[in-house]
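Novice: A structural model of the following input is requested.
(2 chains)
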Amino acid sequence: MADVKLAFIVQRPPYKSENPKLAITHAIAYQVVEILLEEGETVTPTLCFVGDGVLACIKDQKAMDNYGITSTETHLKNALLVDLNVLVCKEDLERFGISEERIIDAEEMGAEVKIQAVPFAEIQKTMESANHVLFF
Amino acid sequence: MKLAVFVSDYRNTVDTLERLDVEDLGIVFVQNGVNHAAVKENGEPSPLLQKKARLYALSEDLQTRGFTEADVDGRVKVIDMGELVDIIFNDYEKLAWL
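Specialist: Just a heads-up that it's a prediction; the model follows:
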């Protein structure tokens, strides 16, 4: 039995680069990876948004209307639909004046989990307990 | 010199803009640059909004990031692509992209 913990840390704002989307799609891909594992082996990803990366969590992104591309919001909703653990740094939300009501959720799509606003200390613990930490 | 500067990043552009000595400066916030117009950090607006310049932000880049006109600082004029083209052709001699 082995559980490999992965921490995906998004620190850049969305759209100028593909980094936040890459982090989300890589984190979602854990479900595909599991078919390649031995019996009893698991992969547990956690997606964390810190610094300017928290700007990726603002809801009502109109990327499809304006750019003709899937929004970072849609990617995040897909992550919530597969029950991914998604954390956003509470201090950084406060720094940018973003209330938790403005954070993306996927309730209307039937998601059972939500993005959790947590102190950076909790994100730090997630990084410490992860086998691999990946920055985006 | 009449100069319009496109600010397309949220970071790393403030220093360069500080050094520019321009008679008529326009700052156009596009792409991630629109965060300067819509985000207050620790309650403080971006220092770029203090510049003696006409300030613009592109509406589609704001909307894409989940911002509305109500989020934008009162000093910044929200413009669409058509208005941006008019500004480029009518108001400035030179353009820079930071």
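
Novice: looking at the chain, which helix or strand is least sure?
Specialist: Defaulting to chain A. helix A:30-33 (a mean of 81; mean pLDDT, DSSP states H and E).

Novice: not what I meant, chain B
Specialist: Bottom-ranked secondary element of chain B by mean pLDDT, DSSP H and E: helix B:14-19, a mean of 72.

Novice: buried stuff in that helix?
Specialist: Burial within helix B:14-19, assessed by neighbour count using 16 or more other C-beta atoms under 10 Å in any protein chain shown, is assigned to residue B:17. The C-beta positions use only the backbone N, C-alpha and C, and glycine is treated the same way.

Novice: That one close to chain A?
Specialist: No - applying C-beta under 8 Å from any C-beta of the partner chain, one finds helix B:14-19 separated from chain A by no less than 14.3 Å.

Novice: How far away from the center of its chain is that helix?
Specialist: 13 Å (C-alpha atoms, centre = their mean, to the nearest Å).

Novice: Which residues does the next helix or strand after that helix contact?
Specialist: Downstream of helix B:14-19, the first helix or strand assigned by DSSP states H and E is strand B:24-29. With contact meaning C-beta atoms under 8 Å, 6 or more residues apart in numbering or on different chains, strand B:24-29 is reached by B:1-7, B:17, B:35-37, B:48, B:51-58, B:61, B:76, B:84, B:87, B:91-92.

Novice: Just those: which are in helices?
Specialist: Counting by DSSP state H, the contacts of strand B:24-29 place B:17, B:35-37, B:61, B:84, B:87 in helices.
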